[in-house]
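>>> only the shape, not the letters, is given here:
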């Protein structure tokens, strides 16, 4: 009787196994996805048994895992010579994680059937784009798209085209600028919308990560023009292309930057027969499998409990870490949206050869900066390593992550990611920035090597056109911080060593460790700790403790004068009064240049190393605006917008008094702490100290 029951059970298991095999076969048949549109080459096609076909099959099979592990993007090649296959795949950032993984898994399975024999294919799907070719994918943006499928026709129209354009134009400008500076080439933003629906217009721009910033921005700008011509009165629109993707609508939508790792590749049809055989084994094997599964599930549950406890410990630690009088910021807030990525300590150790000395770019008061390379992102980075034992360093780290992670502008240094923990007891705090190949502005202002005579890696003396471009870029960054972001960001440490230069010598303002947020219209942010760098700090800020946009404008003015004159903030008076015995007397650069201005010869203060090779009108404008911004009376200083308008020659020069005014300040009644930063030599290193200054 028992043997009959066992036989019946085995037959039942075999029946279930065959049903499973049939279902698996059906699932595999359905595990394909036809492209919305595919552009297939028709010449020099490959044949079924060719080496190119083998390489293509290998490339397509690797795509789901390779892209899934890299945030929905992969670019690579298989083979060499005439049979090499080059290709890429990218998920659209507004597709959910499951949609992305579905597209990565199913799209490659059908593309060869849609384009049989084609050596060059561009295919657009609902959630991703797939490209492959016998030639390397060019780094230039492909602006082509197919209107029948690549353009999502909006379903809502409006007659208030003025309201649409008022929101749409600045949104497109933000997106084009955002993708240019984003390492992931993704930008999402919003602008107020005053049409009938009221609220905000949201937008998303995305490029394949192999494009450089300018190419990505060019692609997005081109698509923006196309969308407006297609839908001038619509409150939504989508354009999917081979190199970039653009979407806008009134109303929020989700953006997913990095989907979770792709699941294991489902078994092929050749393996399902093995599954059927395996499931026809004896009941003993089935019981052993069930027992092993139960054991693994129990162990996994215990590991989850342990991970939850570790996460709670980290949260408790973070509550202490971010306890600096500002609202608490949880880990997940750093990771959502298109913000910076949280790295594992091991990733950054590998990127820097375990923080080797030969990778060190510089060292400051709270830590060191190292050059690194993130292989998975194909990105060169600068990694700032802060000791958690430094209380001031911890505060600056927290402030930097809170503020700069939310900012998107072409003239700001982009925060790529962050890491807290690891390295000798978990005490290291790490910030990961995009690497600025040309270093900081101060190194080039005081270099003795001309651009023409410089070798690779040398710091070069900046010619005037590049200096003027830096002036405009820095002004644009401060305009964004003070007036164009959702809150006013007071930087508090604007100086040349914090102005970085990218590969094209464009200015990027960085180091937001001392920054503060102030609501628009709220005026000054009073603080008991005055922070900044001597020579660049607003004198009234030192006395009164007022940190606001006007104090940033003062620092901006000093930097303008430094760029134009090629001199540090403190100038020997002998340089101002040639021929007079004033050796040993030092004056501030504002006072020094104002002397030239009062004599009607402000351009004579220009950097002598330029040998007169500059535009006189631009030079005069930069110097006069510098004096205007650094006016001793803060009530007579311009806003950053007024200053930028004059620098762009869009407004007339201001009229300043011939003699530099002297302002008086009223200090606060209580004592406060004064924090100074000293820039050392040409290294740009900032050292900080605190001195208690009793006010009487």
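All right, it came through fine. If you're wondering where the values come from, they're calculated on a predicted model, not measured in any experiment.
>>> quick one: the strands in the stretch 301-450 of the chain?
Secondary structure of the stretch 301-450 of the chain (DSSP state E, counting those that start in this stretch): strands at 341-342, 360-363, 367-374, 379-387, 415-420, 428-434.
>>> could you dump those into CSV with mean neighbour count, distance to residue 162 and mean pLDDT added?
Bear in mind the C-beta positions are built from the backbone N, C-alpha and C, glycine included. Listed next are the strands of the stretch 301-450 of the chain as CSV, based on neighbours: other C-beta atoms under 10 Å; distance: least, C-beta to C-beta, whole Å; pLDDT from 0 to 100:
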stretch, mean neighbour count, distance to residue 162, mean pLDDT
strand 341-342, 17, 40, 84
strand 360-363, 15, 50, 83
strand 367-374, 20, 45, 89
strand 379-387, 21, 41, 86
strand 415-420, 24, 37, 85
strand 428-434, 24, 38, 87
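>>> so which of those gets nearest residue 120?
strand 379-387 (27.8 Å; C-beta to C-beta).
>>> what is the closest one packed up against?
With contacts taken as 3 or more C-beta pairs under 8 Å, 6 or more residues apart in numbering; DSSP states H and E, strand 379-387 sits against helix 345-351, strand 367-374, helix 391-404, strand 428-434.
>>> in the first one, what counts as buried?
Going back to what we said before, that points to helix 345-351. Residues of helix 345-351 classed as buried by neighbour count (16 or more other C-beta atoms under 10 Å): 347, 348, 349, 351.
>>> closest to residue 252 out of those?
residue 347 (31.6 Å).
>>> residue 251 is nearest to which of the helices and strands packed on strand 379-387?
helix 391-404 (27.4 Å).
>>> angle of the closest one against strand 379-387?
Angle, helix 391-404 to strand 379-387, by axes from the mean of the first three to the mean of the last three C-alpha atoms, to 10 degrees: 140 degrees.
>>> what residues of helix 391-404 count as buried?
Buried positions in helix 391-404, judged by neighbour count with 16+ other C-beta under 10 Å: 392-404.
>>> what about the helices in the stretch 401-550 of the chain?
441-445, 464-479, 539-544, 549-565 (DSSP state H, counting those that start in this stretch).
>>> just those helices: most buried one?
helix 549-565 (a mean of 26; mean count of other C-beta atoms under 10 Å).
>>> and the helices of the stretch 401-550 of the chain: which comes nearest residue 239?
Per C-beta to C-beta, nearest to residue 239 of the helices of the stretch 401-550 of the chain: helix 464-479, 27.2 Å.
>>> if I pick residue 632, what's in contact with it?
539, 660, 661, 662, 663 (C-beta atoms under 8 Å, 6 or more residues apart in numbering).
>>> per-residue confidence for it?
For residue 632, the model assigns a pLDDT of 91.
>>> and it, how close does it get to residue 588?
10 Å (C-beta to C-beta, to the nearest Å).
>>> just to revisit the earlier point, Throw the helices of the stretch 401-550 of the chain into a markdown table and include distance to residue 533 and mean pLDDT, thanks.
A markdown table is the format used below for the helices of the stretch 401-550 of the chain (distance: least, C-beta to C-beta, whole Å; pLDDT from 0 to 100):
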| stretch | distance to residue 533 | mean pLDDT |
| --- | --- | --- |
| helix 441-445 | 11 | 92 |
| helix 464-479 | 15 | 95 |
| helix 539-544 | 11 | 77 |
| helix 549-565 | 8 | 95 |
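>>> what's across from residue 367 in the sheet?
Beta bridges link residue 367 to residue 386, judged by DSSP bridges.
>>> do residue 78 as well
With DSSP bridges as the rule, residue 78 is bridged to residue 85.
>>> settle this for me: it is touching residue 52, isn't it.
No - assessed by C-beta atoms under 8 Å, residue 78 is found out of contact with residue 52, at 9.8 Å.
>>> overlap in contacts of these two?
With C-beta under 8 Å, 6+ apart as the test, residue 78 and residue 52 both reach residue 85.
>>> next SSE after the stretch of helix or strand residue 107 belongs to?
Secondary structure assigned from DSSP states H and E places residue 107 in helix 97-114. Later in the chain than helix 97-114, the nearest helix or strand by DSSP H and E is strand 121-124.
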